[in-house]
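Undergrad: Sequence first, then the predicted structure:
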Amino acid sequence: MNYKHILVAIELSEETKVLIDKANYLAKLTEAEISFIHIDGSHGEIYPEVTDIQANQDQQPFGEHTIEQIRAFEAYSEHPIKHILVGTGDLADKLKGTIEDNQVDLLLCGHHHDFWSKIVSYSKHLVDKSPVDILVVPI
């Protein structure tokens, strides 16, 4: 399949670089655009809308430290980042609209191989809700 727009679900950890490397590789092969999405689920749904901090630099629903971490991942990427979408709540619940609004055709996310992930797989929740192809990368 020739993907045109890859959406990378990022966490604020060094492991995210594995996903960015994979997205860069795929984007080179298919001449696709890359966007990031970071949804903070730790505080519930404080901000119901997903905001593109590339387009709305003065509208940032997170603190400065979080934005700096996200910008560091943008700088790490070899490929330009089209959108950096951020919000709060449940990523799976935000997927359909975000993917349609941004014409994404591949979702790239990570899956941890730890004790909790064996009991409750968040990746399965994303797969069940994703309206496009999804690539789950082991981390």
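TA: That came through, no problem.

Undergrad: So which bits of the longest helix belonging to the chain are buried?
TA: For the chain, the helix with the greatest residue count under DSSP state H is helix 16-30. For helix 16-30, the neighbour count (16 or more other Cβ atoms under 10 Å) marks 16, 19-20, 22-24, 26-27, 30 as buried. (C-beta placed from N, C-alpha, C; glycine too.)

Undergrad: where along the chain do the strands fall?
TA: Secondary structure of the chain by DSSP state E: the strands cover 5-9, 33-40, 51-52, 81-88, 106-111, 133-138.

Undergrad: can you redo those strands as CSV with mean neighbour count, mean pLDDT and distance to residue 75?
TA: Below are these laid out as CSV (neighbours: other Cβ atoms under 10 Å; pLDDT from 0 to 100; distance: least, Cβ to Cβ, whole Å):
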stretch, mean neighbour count, mean pLDDT, distance to residue 75
strand 5-9, 25, 97, 14
strand 33-40, 22, 95, 12
strand 51-52, 18, 90, 18
strand 81-88, 21, 94, 9
strand 106-111, 21, 89, 19
strand 133-138, 15, 89, 21
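
Undergrad: Now render the ones you listed as CSV, adding distance to residue 96.
TA: CSV is the format used below for the strands of the chain (distance: least, Cβ to Cβ, whole Å):
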stretch, distance to residue 96
strand 5-9, 12
strand 33-40, 13
strand 51-52, 17
strand 81-88, 13
strand 106-111, 11
strand 133-138, 13
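
Undergrad: Good, wrapping up.
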